[in-house]
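1. Here is the input, now give the coordinates:
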Amino acid sequence: MVTFSITGCNLDINVDPNSPATVPSAQLLSTAQVFIADGFGLGVNGMGQIAQIWVHQTFQRSNADAYGTTGSDGGTSNAWGTIYSGAIEDLETIISQSAKDGTPQYSGIAKLLKAFTYNTMVDLFGDIPFSEAGKGAANQFPKFDKGQDVYAALFTLIDEGLAEIAQAPPASKIVPGSDDLIYGGNLARWKAFGKALKLRMYNTLHNTAASHPLFDASKVTALLTDTDITGWAIANDFEFKYFNSAAPENRNPAYLSVSNAGTFFSRYLYEIMQNKVAPGYNNHLFDGIVDPRLNHYLYRSIGSSNNPTKGNPREYEDVPFNFLSTNFASQGPNQGFDQSNVLSSPGLYYCGGKYDPANVGGPILVSTFGTGAVPQRFLCLYELLFIRAELELYVNNNAIAARTLLSQGIDAAFAKVNQIATANNAATISNAARDLYRDGAGLTPGVLTKYDAAGSKSGQIEVILTSKWLANFGNPIPSYVDFRRSGFPKMLDPNNDGLDFTILTRNYPFSFPYRQLDTNSGLNPNAPAQKLIGDPSAKVFWDID
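-> All right, here's what the predicted structure looks like:
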């Protein structure tokens with residue numbers, strides 16, 4: 001007989017060894033990044049989807065049309081929960097655990113992600129929970145901090161994060177690697193990102209009227225010459241990568257929204273890129289310029305072989321180019337007819353949709369529309385170059401340097417389109433087409449000739465920010481920020497577009513509405529009342545013009 005004796009065993013039968021109480025920082029880092037991409041992205045529950053409509057690059061038959069978004073919509077309510085109950089709580093846990101575990105690289109990355117997340121939340125909402133947020137059950141009703149106070153704290157937080165990732169990796173400790181879904185544990189790229197984020201925040205703090213007191217020209221000047229900024233390459237782009245698998249689902253959420261016939265291409269953006277701006281529209285800045293990126297941005301589902309007279313009545317159609325759309329804030333007789341299978345939609349660059357240069361067309365179906373394997377962009381080389389161009393004008397009063405950076409930004413924007421095209425086996429845009437767009441030739445204008453003819457610093461800024469708006473198709477939040485702080489790029493005004501059936505009864509939204517559950521008419525007694533988003537009282541603190 002063999003007997004076993006167990007002595008001195010401290011086994012707690014109430015603890016499940018397969019469900020540890022502490023989740024490793026490596027796992028939390030991955031999930032936090034997923035939450036950030038979902039919360040700010042272009043899926044049905046992402047804030048980016050609303051912003052994309054508000055900057056007039058896509059449209060939906062939803063509350064966001066005519067600026068009717070509420071605090072109960074998915075892009076506000078669900079996204080708010082994704083950010084606070086998902087991303088922020090995970091990042092706070094990483095920071096706390098890393099202090100105990102002696103893993104400063106995890107804490108440093110978490111602090112940079114936390115700064116990015118709160119920076120975006122302030123830019124969208126204004127005053128937000130910050131100092132008491134991310135505590136989970138310990139504080140379910142955090143107070144709302146002033147946006148200005150949050151911004152000030154974020155500059156310090158970024159410095160802390162940069163200092164921590166600069167420390168020597170601790171011996172025998174886990175360091176970020178494949179669990180970092182953005183940079184793969186490349187700390188040099190995180191260092192450059194932290195500095196670029198500071199530069200973007202400083203850029204937000206000034207506009208064409210004045211600069212906010214938090215704006216620090218000396219620090220901006222130092223950042224403008226920092227080699228981590230000037231040496232930023234396309235490999236540094238801060239973006240969340242998606243792939244083409246449906247099971248498990250890892251395609252860009254915007255692809256699912258578009259391929260389910262829920263998001264369509266804006267007439268306003270189309271006419272600017274196609275050089276067909278309607279006489280009544282208020283944006284003729286790039287008249288005379290045809291944008292060669294249009295086939296990578298747009299999918300025209302009616303196609304050249306589809307009789308354009310078939311189907312339900314249509315509100316707007318450019319027959320020679322097989323483009324079909326509906327007007328923003330339309331109350332026209334054809335606005336409500338179902339055109340879900342034939343309306344022109346965002347394509348390859350936006351969400352990994354179909355690339356169709358021959359314009360064969362066909363219905364928009366999840367199974368045949370494309371791959372969905374494009375990243376959600378948040379801060380790319382081209383945007384950083386446009387930011388630097390704007391700051392060279394305002395801080396250094398250097399129009400020549402700004403022009404050079406504008407030119408480089410255009411090149412980088414085309415390079416990004418070509419990078420995505422190559423990854424999806426699509427044709428790239430030729431250097432000749434890019435150069436004609438940028439420089440013009442003979443009587444054909446280019447973007448740089450528009451800059452040269454602007455006649456004022458404000459006019460030059462308009463060219464830079466309109467170029468940035470066009471390049472950021474699929475990353476709309478920076479342009480939503482730019483328009484409110486500077487008035488550029490010009491946005492569609494439905495009440496002055498030459499159409500008597502587009503009627504807008506609301507002002508342009510100064511900020512997003514709060515999640516209804518978090519206002520003082522909901523569950524959080526420490527929250528303010530819900531905002532009237534079109535009232536000046538809803539302005540973000542940096543909106544001082």
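
2. Break down this protein into its strands, ranges please.
-> In the chain, the segments counted as strands under DSSP state E are 58-59, 128-129, 144-145, 238-240, 264-265, 298-299, 316-318, 323-325, 345-346, 376-379.

3. And the first one, what does it pack against?
-> Yep, that's strand 58-59 we're talking about. Packed against strand 58-59 by the contact rule (3 or more CB pairs under 8 Å, 6 or more residues apart in numbering; DSSP states H and E) you find helix 47-54, strand 264-265. C-beta coordinates here come from the backbone N, C-alpha and C atoms, glycine included.

4. go with 10 Å
-> Counting contacts by 3 or more CB pairs under 10 Å, 6 or more residues apart in numbering; DSSP states H and E, strand 58-59 packs against helix 47-54, helix 253-259, strand 264-265, helix 267-273.

5. between those, which one is nearest to residue 240?
-> helix 253-259 (10.3 Å; CB to CB).

6. Need the residue closest to the centroid of the chain.
-> Nearest residue to the geometric centre of the chain (CA atoms, centre = their mean): residue 475, 3.2 Å.

7. one step back: would you mind giving the strands of the chain as TSV with mean pLDDT, distance to residue 97 and mean neighbour count added?
-> Listed next are the strands of the chain as TSV, based on pLDDT from 0 to 100; distance: least, CB to CB, whole Å; neighbours: other CB atoms under 10 Å:
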stretch	mean pLDDT	distance to residue 97	mean neighbour count
strand 58-59	93	40	26
strand 128-129	98	22	24
strand 144-145	98	24	20
strand 238-240	98	23	20
strand 264-265	92	44	26
strand 298-299	92	45	27
strand 316-318	90	54	19
strand 323-325	89	50	23
strand 345-346	92	40	27
strand 376-379	98	25	23
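
8. will you turn those strands into CSV that also has distance to residue 221?
-> Converted to CSV, these look like this (distance: least, CB to CB, whole Å):
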stretch, distance to residue 221
strand 58-59, 37
strand 128-129, 30
strand 144-145, 29
strand 238-240, 23
strand 264-265, 40
strand 298-299, 40
strand 316-318, 47
strand 323-325, 44
strand 345-346, 38
strand 376-379, 21
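
9. ok so, going back, from residue 425, how far out is the closest residue to the residue nearest to the centre of the chain other than its chain neighbours?
-> In this structure, residue 475 finds its nearest non-sequential neighbour in residue 377, 4.4 Å apart by CB to CB, 6 or more residues apart in numbering. Distance, residue 377 to residue 425, by CB to CB, to the nearest Å: 20 Å.

10. any weak-confidence spans in this protein?
-> 1-21, 208-210, 303-311, 367 (pLDDT under 70).

11. Now do the domain split for it, please.
-> Structural domains annotated on the chain: 25-232, 255-496, as defined by automatic domain parsing.

12. Quick one: closest of these to residue 504.
-> domain 255-496 (4.3 Å).

13. Tell me how many other residues surround residue 285.
-> 19 (other CB atoms under 10 Å).

14. Tell me who's in contact with the nearest residue to residue 253 once chain neighbours are set aside.
-> Nearest residue to residue 253 in three dimensions, chain neighbours excluded: residue 43, at 2.6 Å (CB to CB, 6+ apart). Residue 43 makes contact with 37, 49, 74-75, 78-79, 252-257, 263, 351, 376, according to CB atoms under 10 Å, 6 or more residues apart in numbering.

15. Quick check: residue 43 vs residue 447, distance?
-> Distance from residue 43 to residue 447, by CB to CB: 31 Å.

16. try residue 471
-> 11 Å.

17. Between those two, which contacts overlap?
-> By CB under 10 Å, 6+ apart, the residues touching both residue 471 and residue 447 are 409-410.

18. if we can go back for a sec, quick check, nearest of the contacts of residue 43 to residue 415?
-> Distances from residue 415 to the contacts of residue 43, taken by CB to CB, are shortest for residue 376, at 18.2 Å.

19. Do I have it right that residue 143 meets residue 520?
-> No - using CB atoms under 10 Å, residue 143 makes no contact with residue 520, being 11.5 Å away.

20. hang on, the earlier thing: out of the strands of the chain, flag the one nearest residue 152.
-> Of the strands of the chain, nearest to residue 152 by CB to CB is strand 144-145, at 10.3 Å.

21. and that closest one, what does it pack onto?
-> Using 3+ CB pairs under 10 Å, 6+ apart: strand 144-145 touches helix 104-125, strand 128-129.

22. need the helices for the stretch 251-400 of the chain, in chain order.
-> 253-259, 267-273, 294-297, 348-351, 381-394, 399-423 (DSSP state H, counting those that start in this stretch).

23. which of these is buried the deepest?
-> helix 348-351 (a mean of 27; mean count of other CB atoms under 10 Å).

24. quick revisit: residues in contact with the residue nearest to residue 475?
-> 41, 48, 237-240, 349-350, 383, 416, 420, 471-475, 478.

25. same check, this time on residue 372
-> Contacts of residue 372 by CB under 10 Å, 6+ apart are 242-246, 249-256, 258-259, 351-353, 366, 424.

26. so how far is residue 297 from it?
-> When residue 372 is compared with residue 297 (using CB to CB), they lie 16 Å apart.

27. ok, now residue 266?
-> As for residue 266, its distance to residue 297 is 10 Å (criterion: CB to CB).

28. swap in residue 517?
-> In terms of CB to CB, residue 517 sits 36 Å off from residue 297.

29. Residue 408: what's it in contact with?
-> Contacts of residue 408 (CB under 10 Å, 6+ apart): 381-382, 384-386, 388-389, 438.

30. measure residue 118 to residue 230 for me?
-> 27 Å.

31. Likewise for residue 242?
-> Residue 242 is 30 Å from residue 230, by CB to CB.

32. When those two are compared, which one has more neighbours?
-> Neighbour count, other CB under 10 Å: between residue 242 and residue 230, residue 242 has more, with 23 against 11.

33. Thought residue 255 was touching the more buried one, still the case?
-> Yes - if you go by CB under 10 Å, residue 242 and residue 255 touch, sitting 7.8 Å apart.

34. Overlap of the contact sets of the two?
-> Here residue 242 and residue 255 share the contacting residues 351-352, 371-374, scored by CB under 10 Å, 6+ apart.

35. now those as TSV including distance to residue 220?
-> Below are those laid out as TSV (distance: CB to CB, whole Å):
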residue	distance to residue 220
351	34
352	36
371	40
372	38
373	37
374	32
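
36. Next, the contact list for the residue nearest to the centre of the chain, please.
-> Residue 475 touches 40-42, 48, 51-52, 239, 350, 375-380, 383, 468, counting by CB under 10 Å, 6+ apart.

37. Show the backbone phi and psi for it.
-> phi -140, psi 80 (degrees, to the nearest 10).

38. about what we covered before: dump the helices of the stretch 251-400 of the chain to TSV, plus distance to residue 342.
-> Formatted as TSV, the helices of the stretch 251-400 of the chain follow (distance: least, CB to CB, whole Å):
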stretch	distance to residue 342
helix 253-259	14
helix 267-273	15
helix 294-297	18
helix 348-351	18
helix 381-394	32
helix 399-423	25
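
39. Quick one: closest of the ones you listed to residue 31.
-> So among the helices of the stretch 251-400 of the chain, helix 253-259 is nearest, using CB to CB, at 15.6 Å.

40. What helices and strands are in contact with that closest one?
-> helix 47-54, strand 58-59, strand 345-346, helix 348-351.

41. And the ones you listed: which comes nearest residue 95?
-> helix 47-54 (23.6 Å).

42. before we move on, the earlier item: compare the helices and strands packed on helix 253-259 and give me the one nearest residue 500.
-> strand 58-59 (19.1 Å).

43. Need the residues that contact that closest one.
-> 42, 49, 51-53, 64-65, 254, 257-258, 262-269, 325-330, 343, 345-346, 350, 473-474, 476.

44. how about 7 Å then?
-> 52-53, 65, 263-266, 326, 328, 346 (CB atoms under 7 Å, 6 or more residues apart in numbering).
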